[in-house]
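**Student:** only geometry, no sequence info:
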């Protein structure tokens, strides 16, 4: 798995994607009929931003699960989500 929330380059990409989304989302909302360039830029910026942000969430929550029972509950929840996705 890519350690997206580690390293200087990934943090720069995360912050750049934040700025890109701040400008692209309003531009896409007011663009008449959609613009291919805006759609392409959003198609790159959104996954990058989401991937890094969810790694932050995962890492911050992982250390809060202090008891074995809490870890088992989370693992069971993951199993249920994966089973329902199939």
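**Tutor:** Okay, I see it. Note that the structure is a prediction, hence the values are computed from the model and not measured.

**Student:** sec struct for residue 32, please.
**Tutor:** Here residue 32 is coil, with the state taken from DSSP: H, G, I helix; E, B strand; the rest coil.

**Student:** how close does it get to residue 39?
**Tutor:** From residue 32 across to residue 39, the span is 13 Å (C-beta to C-beta, to the nearest Å). For every residue, glycine as well, the C-beta is placed using N, CA and C.

**Student:** ditto for residue 82
**Tutor:** 30 Å.

**Student:** what ranges does this protein have for its helices?
**Tutor:** 8-30, 36-62, 68-85 (DSSP state H).

**Student:** now mean pLDDT and mean neighbour count too, for those helices, in JSON lines please.
**Tutor:** Shown next, in JSON lines, are the helices of the chain (pLDDT from 0 to 100; neighbours: other C-beta atoms under 10 Å):
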{"stretch": "helix 8-30", "mean pLDDT": "90", "mean neighbour count": "13"}
{"stretch": "helix 36-62", "mean pLDDT": "85", "mean neighbour count": "13"}
{"stretch": "helix 68-85", "mean pLDDT": "74", "mean neighbour count": "10"}
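
**Student:** read off the pLDDT value for the residue located most distally from the centre of the chain.
**Tutor:** For the chain, the C-alpha farthest from the mean C-alpha position belongs to residue 32; by C-alpha atoms, centre = their mean, that distance is 27.8 Å. pLDDT, residue 32: 83.

**Student:** need the residue closest to the centroid of the chain.
**Tutor:** Nearest to the chain centroid, counting by C-alpha atoms, centre = their mean: residue 50, 1.8 Å.

**Student:** ok, it to residue 57 distance?
**Tutor:** Noted for residue 50: a distance of 10 Å to residue 57, by C-beta to C-beta.

**Student:** what of residue 41?
**Tutor:** Taken as C-beta to C-beta, the span from residue 41 to residue 57 is 24 Å.
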